[in-house]
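Peer 1: Coordinates for the following, if possible.
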Amino acid sequence: MNLAFFLKPKNEVSYLLDEFSVRQGLEKMCYHGYTAIPVLDKEGHYQTTISEGDFLWYIIKGENTEEQVDIKTAEHIKVGDIMKPGKNPAVKITATMEELFLKALDQNFVPVVDDRGYFIGIVTRRDLIKYFYSNFKY
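Peer 2: Numbers count the residues shown, from 1 in each chain. Here you go, the predicted model:
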């Protein structure tokens with residue numbers, strides 16, 4: 001089986017750019033009701049996944065400052081300033097199904113990139129479970 005069978009393409013996936021403000025990122029996540037969302041650079045390379053927890057801890061702790069961050073300050077802070085690289089690593093479109101399943105065990109979705117590192121979509125754990133449920137009933 002091929003990973004592409006499960007791929008939800010980029011044009012159907014919400015994502016943030018690392019140059020978006022924290023406020024824009026929060027608004028987009030809130031609008032879509034997501035708890036985590038992929039972050040890309042302006043060229044379309046996958047950077048990391050950012051979660052509502054990352055935003056929350058940044059706002060509460062102000063990781064780069066001693067004081068809390070308010071919503072007005074959040075307009076001037078970029079998503080790229082608070083993201084944690086390496087979180088929710090992507091797989092290449094040529095990855096094996098075993099690699100995909102192992103990643104899906106630990107994350108709600110697996111970002112997929114091409115050989116150049118460009119984000120091309122995601123595979124959700126939900127879609128994998130639905131597939132196996134419908135095809136391997138006892």
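
Peer 1: Give me the residues contacting stretch 90-108.
Peer 2: Residues outside stretch 90-108 that contact it (CB atoms under 8 Å, 6 or more residues apart in numbering): 1, 3-4, 6-7, 35-36, 46, 49, 88-89, 110-115, 119-120, 123-126, 128. Every C-beta, even on glycine, is put in place using the N, C-alpha and C of the backbone.

Peer 1: ChimeraX command to pick out the buried ones of those?
Peer 2: In ChimeraX, this line selects whichever of these come out buried by 16 or more other CB atoms under 10 Å:
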select :3,6,7,36,46,49,88,110,111,112,113,119,120,123,124,125,128
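
Peer 1: Now intersect the contacts of stretch 90-108 with the helices, please.
Peer 2: 125, 126, 128 (DSSP state H).

Peer 1: So which of these is the closest to residue 14?
Peer 2: residue 126 (15.5 Å; CB to CB).

Peer 1: ok, the closest one to residue 86 distance?
Peer 2: Residue 126 sits 24 Å away from residue 86, going by CB to CB, to the nearest Å.

Peer 1: same thing with residue 106?
Peer 2: Residue 106 is 13 Å from residue 86, where distance means CB to CB.

Peer 1: Repeat that for residue 96.
Peer 2: For residue 96, the distance to residue 86 - CB to CB - is 21 Å.

Peer 1: ok, the two, which is more surrounded?
Peer 2: Taking neighbours as other CB atoms under 10 Å, residue 96 and residue 86 compare with residue 96 leading, 12 against 9.

Peer 1: mind checking pLDDT for the more buried one?
Peer 2: At residue 96, the model reports a pLDDT of 92.

Peer 1: cool, and residue 39?
Peer 2: Per-residue pLDDT puts residue 39 at 96.

Peer 1: neighbouring strands for whichever strand or helix holds it, and are they parallel or not?
Peer 2: Secondary-structure assignment from DSSP states H and E places residue 39 in strand 36-40. Here strand 36-40 is paired, per DSSP bridges, with strand 16-17 (parallel), strand 46-51 (antiparallel).
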